[in-house]
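[1] How does the following fold in three dimensions:
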Amino acid sequence: MIDDDKRLAAEAAVAEVSDGMLVGLGTGSTAAYAIAALGRRVSEGLGITAVATSIATEAAARAAGIDVVDFARVAAIDLAIDGADEIDARLFAIKGAGGAMLREKAVASAARRMVVIADGSKHVAAIGRAAVPVEVLPFALSFVVAALERLGAIVIVRDGLTDNSNLIADCRFPTLDDPRTLAAQIDAIPGALGHGLFLDEIDAAYIAHDGVVTRVERAGASG
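    From the prediction side, this is the model:
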């Protein structure tokens, strides 16, 4: 049922894509449904190009017949579609379970419109249950971990490297009452290259629960 809801949310978001768009493609199991749905539309004649937020997403998009361009040569995109680990009614989200949140945030920030897709299990009253991932420069690992711990986090460093050859520190906080202050505090740590708190980037969310898709729109967003 969760997979069905992921697919339905993805298909609803992909319906926003129109001919000629440059689309940002997220990373993760839910975003994979969007790539598949977009690939079907491309096979039916939709003319779009895309940028990918990870090596895995680029491979999946190309396999689906989607033309992928290098984001390094792109200053702005029309629409970004991505999943989330948690999202609330404020359209605050935690992202990064797949380890791509630094690239995802860059693409989301470049997008004229950013849409999140999620099944109902990811829709929460207020974000904070999931760990907040932080991408860390390996050179500064011990320093950054200590700084995150001073902010109250229980920190677990993942094995392996990101596509950017950095590390991921998953941070669990006892409460997340003030996400904006926490985001600013993490941003201020030298060697912390990015984090999974998405507080201003998301314009809308398509959330599917038991086969019913609901769109939540940020006030003032269009689409």
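
[2] And the helices in the protein?
    Ranges of helices within the chain are 2-14, 29-43, 55-63, 101-110, 141-150, 179-187, based on DSSP state H.

[3] The last one to helix 141-150, inter-axis angle?
    For the pair helix 179-187 and helix 141-150, the angle between their directions (axes from the mean of the first three to the mean of the last three C-alpha atoms, to 10 degrees) equals 160 degrees.

[4] now do the third one
    Helix 55-63 runs at 100 degrees relative to helix 141-150, counting by the same axes, to 10 degrees.

[5] what does helix 55-63 rub up against?
    25-27, 31-32, 35, 38-39, 50, 52, 68, 100, 163 (C-beta atoms under 8 Å, 6 or more residues apart in numbering). In short, each C-beta sits where N, CA and C put it, glycine included.

[6] For D3, state which of these is nearest.
    Taking C-beta to C-beta as the measure, A32 is the one of these closest to D3, at 10.4 Å.

[7] Okay, now the unreliable bits of this protein?
    Applying pLDDT under 70 to the chain flags residues 220-223.

[8] Domain ranges for it, per the record?
    Using automatic domain parsing, the domain parsing of the chain gives 2-124+199-214, 132-195.

[9] With mean neighbour count added, can I get those in a markdown table?
    Formatted as a markdown table, the domains of the chain follow (neighbours: other C-beta atoms under 10 Å):
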| stretch | mean neighbour count |
| --- | --- |
| domain 2-124+199-214 | 20 |
| domain 132-195 | 17 |
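
[10] Now do the strands in the chain.
    22-25, 49-52, 67-68, 79-82, 86-87, 93-94, 114-119, 132-136, 154-157, 167-172, 192-195, 197-198, 204-209, 212-217 (DSSP state E).

[11] Tabulate the CA atom coordinates of the fourth one in CSV.
    In CSV, the C-alpha atoms belonging to strand 79-82 read as follows (Å, rounded to 0.1, in the frame of the first residue of the first chain):
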residue,chain,number,x,y,z
LEU,A,79,10.5,22.4,-11.5
ALA,A,80,12.1,20.1,-8.9
ILE,A,81,10.4,16.9,-7.8
ASP,A,82,11.8,15.0,-4.7
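
[12] Sheet partners, orientation included, of it?
    The pairing partners recorded for strand 79-82 under DSSP bridges are strand 22-25 (parallel), strand 114-119 (parallel).

[13] List of residues touching it?
    If you take C-beta under 8 Å, 6+ apart as the criterion, strand 79-82 is touched by 10, 13-14, 16-17, 21, 23-28, 31, 34, 38, 53, 95, 104, 107-108, 110-117.

[14] 7 Å - rerun?
    13-14, 16-17, 21, 23-26, 31, 34, 104, 107-108, 111-117 (C-beta atoms under 7 Å, 6 or more residues apart in numbering).

[15] Next: the fifth one.
    Strand 86-87 has contacts (C-beta under 7 Å, 6+ apart) with 93-94, 116, 118, 122-124, 127, 129-130, 205.

[16] again, 10 Å this time
    Contacting residues not belonging to strand 86-87 are listed as 92-95, 97, 116-118, 121-124, 126-132, 176, 196, 198, 202, 205, 207, 216 [C-beta atoms under 10 Å, 6 or more residues apart in numbering].

[17] Please compute how far that strand lies from its chain's middle.
    Here the centre of strand 86-87 is set off from its chain's centre by 10 Å, with C-alpha atoms, centre = their mean, to the nearest Å.

[18] Many thanks, we can stop here.
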